[in-house]
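# Predicted model follows, preceded by the sequence.
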Amino acid sequence: MNTEMEQEESRLLELSSSLMIERRDEDLRKLVPEARKIASSLSRIKGAKLIKALVENYLLIDSRSDFAVGILVDCIQWATEEERTFLRKSLEVRLMLLYYERKEYTEALNLGANLIIQLKKINDSELLVRVYLLESKCYLGLDNLEKSRTALNLAKVTAYSIYIPPTEQAEIDMHSGILSTVDSKDFKTAFSYFYEAFDIYDNLGDMTAERALKYMLLCKIMLKQNQDIPRLMSGEVELNYNGPETACMIDISKAITSSSLNQFMKTVSEYSEVLEQDPVVLLHLEKLQENMMEQNLIKILKPYSRVQVQYVADKIDLPVLQVERRLSKMILDKKLSGILDQENGVIILFSRSTWSRTDTLWELGNQILEQLHPILNKQTHILNNI
């Protein structure tokens with residue numbers, strides 16, 4: 001009987017792999033209930049292996065539809081009825097990951113909150129690390145940086161007390177780097193985390209290393225250390241990781257080094273498909289573009305004391321209104337010394353000494369008004385009582 005069941009197990013595993021390769025999701029979906037019947041007759045370990053294998057094969061070809069959620073929910077229900085606690089918890093963590101991938105963060109967090117309580121009771125630290133890490137990612141997706149940081153710290157503390165696989169450690173390092181770029185804008189620390197993740201993935205031959213390398217290049221760009229990029233992309237690294245993700249960052253670095261906004265915009269347009277799939281890079285592209293635009297504007301304005309805004313817009317190849325707004329902001333931020341004459345459509349630039357004197361007079365005027373304020377209030381009070 002056992003031999004029969006084992007043969008059925010092997011048949012189902014082979015069939016599910018074939019269906020996955022052929023991307024026959026409907027046939028694979030129908031195979032899951034049959035697998036559950038066979039798993040009931042197998043040992044808990046073999047049964048869990050069979051169910052998880054079929055679920056993963058299905059999710060490889062369909063992780064977006066409601067069928068994917070349905071399969072996991074049904075398998076969790078089956079595991080509950082069969083009193084297979086560890087399999088149920090493992091499937092619930094996988095469902096939480098699926099919710100995260102579908103950007104259904106609230107559903108993932110609700111499931112995670114219950115899982116944390118239950119996993120603490122059975123002292124399953126390995127799954128607890130995964131839940132805390134997923135919780136941190138979900139909070140980041142909801143822009144709740146404080147809770148994201150707290151959940152990540154809990155994942156790290158729990159991971160220190162047990163052995164976790166290298167890929168999981170790399171995932172923690174990767175997420176730590178991402179959170180550092182978003183939360184504290186600490187690109188130096190982020191680079192260290194990305195480097196650790198890259199090293200692990202590279203040694204394992206996991207192509208996720210290319211994503212870690214892309215973030216390393218992003219950190220160098222944000223730190224204005226573009227000169228380090230050729231060194232990072234030399235030797236075996238250049239040979240092994242020369243896909244569009246790294247090529248995009250290299251071209252952006254070249255555009256910034258040459259202070260060419262046109263080249264920067266062209267690169268962003270050329271790699272739009274790659275960039276749109278990465279919210280981490282997209283988050284910083286706007287800042288990079290602003291910096292590039294300001295550098296180009298300063299370069300164009302440098303020879304002039306008075307110049308038409310239309311001329312500046314033509315030189316930088318951007319709409320007049322966009323250029324006018326940026327110039328106005330640069331003046332307010334004291335990156336430019338001057339005023340905008342909107343009536344005549346010109347920007348009048350001051351020398352540093354003129355701006356310094358104007359700035360001093362402005363501050364002096366404010367101080368005089370502050371000193372006069374209590375005197376005027378007193379006089380107003382006296383007049384009101386007459």
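Okay, I see it.
# quick one: Phe194 is in a helix?
Yes. With DSSP: H, G, I helix; E, B strand; the rest coil as the criterion, Phe194 is part of a helix.
# Count the neighbours of it for me.
27 (other Cβ atoms under 10 Å). Every C-beta, even on glycine, is put in place using the N, C-alpha and C of the backbone.
# cool, and Tyr105?
Count around Tyr105 with other Cβ under 10 Å applied: 19.
# With adjacent residues omitted, what lies nearest to it?
Ranked by Cβ to Cβ, 6 or more residues apart in numbering and with sequence neighbours excluded, the top spatial neighbour of Tyr105 is Cys138, at 4.3 Å.
# What's the local residue count around that neighbour?
Residues near Cys138, counting by other Cβ under 10 Å: 24.
# what residues are up against it?
Tyr100, Tyr105, Ala108, Leu109, Gly112 (Cβ atoms under 8 Å, 6 or more residues apart in numbering).
# buried residues in the helix or strand hosting it?
Element membership of Cys138 [criterion: DSSP states H and E] is helix 125-141. Using 16 or more other Cβ atoms under 10 Å as the test for burial, helix 125-141 gives 126-141.
# and which of those residues is nearest to Trp78?
Leu127 (18.9 Å; Cβ to Cβ).
# I'd assumed Val93 was in contact with that closest one.
Yes. Using Cβ atoms under 8 Å, Leu127 is in contact with Val93, at 5.6 Å.
# Overlap of the contact sets of those two?
Contacts common to Leu127 and Val93, judged by Cβ under 8 Å, 6+ apart, are Leu115.
# which ones are touching the residue nearest to the spatial centre of the chain?
Closest residue to the average C-alpha location of the chain: Val280 at 3.1 Å, with Cα atoms, centre = their mean. By Cβ under 8 Å, 6+ apart, the residues touching Val280 are Ile178, Thr181, Val182, Tyr215, Leu218.
# any idea how far Asn144 is from it?
Counting by Cβ to Cβ, to the nearest Å, the gap from Val280 to Asn144 is 17 Å.
# now do Leu232
In this view, Leu232 and Asn144 are 33 Å apart by Cβ to Cβ.
# Settle it for me: which of those two has more neighbours?
A count of neighbours by other Cβ under 10 Å puts Leu232 above the other of Leu232 and Asn144, at 19 against 16.
# Check the gap between Tyr241 and Tyr201 for me.
Distance from Tyr241 to Tyr201, by Cβ to Cβ: 10 Å.
# Same check on Ala209?
Counting by Cβ to Cβ - Ala209 and Tyr201 are separated by 4 Å.
# where in the protein is pLDDT low?
1-2, 352-386 (pLDDT under 70).
# just to revisit the earlier point, tell me the backbone dihedrals of the residue nearest to the centre of the chain, please.
phi -70, psi -50 (degrees, to the nearest 10).
# if we can go back for a sec, tell me the one of the buried residues of helix 125-141 nearest Asp25?
Leu134 (24.6 Å).
# quick one: the closest one and Glu107, what's the gap?
From Leu134 to Glu107 the distance is 12 Å (Cβ to Cβ).
# same check, this time on Met265
Taking Cβ to Cβ, one finds Met265 at 38 Å from Glu107.
# ok, now Asp199?
Distance from Asp199 to Glu107, by Cβ to Cβ: 34 Å.
# Helix, strand, or coil at Phe191?
helix.
# Check Ile250 too.
Here Ile250 is recorded as helix under three-state DSSP.
# Report how many residues lie close to it.
With other Cβ under 10 Å as criterion, Ile250 counts 20.
# Could I get the contacting residues of Asp156?
Residue 156: Lys, not Asp. Ile172, Ser176.
# Which helix or which strand is home to it?
Using DSSP H and E, Lys156 falls in helix 145-160.
# ok so, going back, quick check, nearest of the buried residues of helix 125-141 to Ser17?
Nearest member of these to Ser17, counting by Cβ to Cβ, is Arg130, at 24.7 Å.
# ok, how many other residues are close to the closest residue to that closest one other than its chain neighbours?
Using Cβ to Cβ, 6+ apart and skipping the chain neighbours, the partner closest in space to Arg130 is Val93 (5.5 Å). For Val93, the count of nearby residues is 21 (other Cβ under 10 Å).
# Could you check how far Val93 is from Gln277?
25 Å.
# cool, Leu261 as well?
Following Cβ to Cβ, the distance that separates Leu261 from Gln277 is 24 Å.
# Ok, Gln310 next?
38 Å.
# Also Ala108?
20 Å.
# Compare neighbour counts for those two and give me the winner.
Ala108 (25 against 10).
# before we move on, what SS does the closest residue to the more buried one other than its chain neighbours have?
In space, and not counting its chain neighbours, Ala108 is closest to Tyr99: 3.7 Å by Cβ to Cβ, 6+ apart. Applying three-state DSSP to Tyr99 yields a three-state assignment of helix.
# Only alpha carbons, please: show the helix or strand hosting Tyr201 as PDB.
Taking DSSP H and E as the criterion, Tyr201 maps to helix 187-204. Coordinates of each C-alpha in helix 187-204 appear next as PDB, following Å, rounded to 0.1, in the frame of the first residue of the first chain:
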ATOM      1  CA  PHE A 187      22.600  55.600   1.100                       C
ATOM      2  CA  LYS A 188      25.900  54.700   2.700                       C
ATOM      3  CA  THR A 189      24.400  52.200   5.100                       C
ATOM      4  CA  ALA A 190      22.000  51.000   2.400                       C
ATOM      5  CA  PHE A 191      25.000  50.300   0.100                       C
ATOM      6  CA  SER A 192      26.500  48.000   2.800                       C
ATOM      7  CA  TYR A 193      23.300  46.100   3.100                       C
ATOM      8  CA  PHE A 194      23.000  45.700  -0.600                       C
ATOM      9  CA  TYR A 195      26.600  44.600  -0.900                       C
ATOM     10  CA  GLU A 196      26.000  41.800   1.700                       C
ATOM     11  CA  ALA A 197      22.900  40.700  -0.100                       C
ATOM     12  CA  PHE A 198      24.800  40.700  -3.500                       C
ATOM     13  CA  ASP A 199      27.600  38.700  -2.000                       C
ATOM     14  CA  ILE A 200      25.200  35.900  -0.800                       C
ATOM     15  CA  TYR A 201      23.200  35.800  -4.000                       C
ATOM     16  CA  ASP A 202      26.300  35.800  -6.200                       C
ATOM     17  CA  ASN A 203      27.900  32.900  -4.300                       C
ATOM     18  CA  LEU A 204      24.600  30.900  -4.600                       C
END
